[in-house]
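Asks: Could you look at this predicted model? Sequence included:
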Amino acid sequence: MLANHGHHGLSGEDFAGAAVSRPRSHHRTVKHGETLFADGDRRHTAYRVLRGALCHYVVWPDGSHDVIEFVFPGDIVGLGHLQDHVSTAQAMVDTEVACLSEAELSRALATDASLSARLASAADREFDVVRRRALGTGRRTPLHRVASYILAVAHMDCASGETGDILADLKSGPALANLLEIGAADLTAALADLEARGLVATTPAGVVIRDRLGLEALSDA
């Protein structure tokens with residue numbers, strides 16, 4: 001069942017004025033039924049709706065849908081931290097949006113507490129999506145679950161995702177095992193296996209990715 005989480009308005013004179021003054025080349029028109037962005041699309045910018053309306057929703061790995069919000073003129077959509085979108089924004093009518101610069105979005109976040117709260121909600125949603133994808137819809141082994149989760153955390157914790165970044169969130173064994181729905185012994189064995197393959201290294205500070213391509217290949221297997 002679809003769950004509507006409501007409509008959030010945008011305030012802030014500086015930000016509103018900046019969007020109106022942007023050149024037409026920074027505007028996009030999305031026809032009724034088309035998507036502004038979809039799950040898996042590369043994230044380039046956030047958008048402020050100038051006219052029209054969007055339905056912003058997420059499709060979970062099991063195929064179920066949840067409506068996050070309906071987006072109207074003055075609202076911003078496309079918030080998040082991952083390189084790729086995990087949700088979809090579809091035009092309910094012909095819709096025009098302004099593509100925001102990083103500076104414009106930063107000013108909006110600094111002046112609008114509700115927008116900052118929506119960004120935090122977007123981060124929580126991203127975490128939930130990558131966790132569910134790490135678990136998979138089928139019978140993924142603990143090794144594959146752990147490999148997928150390490151990659152997901154790397155994408156969220158460090159935008160670069162470069163080899164050598166320490167993933168401190170992976171220090172808590174019992175909590176992580178519970179999150180991935182595997183036993184503590186299975187988690188320990190999976191991390192030992194990944195380390196033996198030269199894909200990661202475990203340290204007191206957390207897990208370090210040694211071979212990102214190898215980890216991705218194992219996760220996708």
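Replies: Cool, got the structure. Residues are numbered from 1 along each chain as shown.

Asks: Can you give the domain ranges for this protein?
Replies: 13-130, 139-220 (automatic domain parsing).

Asks: Would you mind giving those as TSV with mean neighbour count and mean pLDDT added?
Replies: To be clear about C-beta, it is placed using only N, CA and C from the backbone, and glycine gets the same treatment. Below are the domains of the chain laid out as TSV (neighbours: other C-beta atoms under 10 Å; pLDDT from 0 to 100):
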stretch	mean neighbour count	mean pLDDT
domain 13-130	17	85
domain 139-220	17	76
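
Asks: State the distance from L109 to S116.
Replies: L109 is 5 Å from S116, where distance means C-beta to C-beta, to the nearest Å.

Asks: Can you tell me the SS state at the residue nearest the centre of the chain?
Replies: Centroid-nearest residue in the chain: E126, 3.5 Å away (criterion: C-alpha atoms, centre = their mean). For E126, the secondary structure call by DSSP: H, G, I helix; E, B strand; the rest coil comes out as helix.

Asks: ok, it touching G80?
Replies: Yes. With contact defined as C-beta atoms under 8 Å, E126 reaches G80; the gap is 5.7 Å.

Asks: gap between the helix or strand hosting L109 and the chain center?
Replies: Element membership of L109 [criterion: DSSP states H and E] is helix 102-111. Relative to its chain's centre, helix 102-111 lies at 19 Å (C-alpha atoms, centre = their mean, to the nearest Å).
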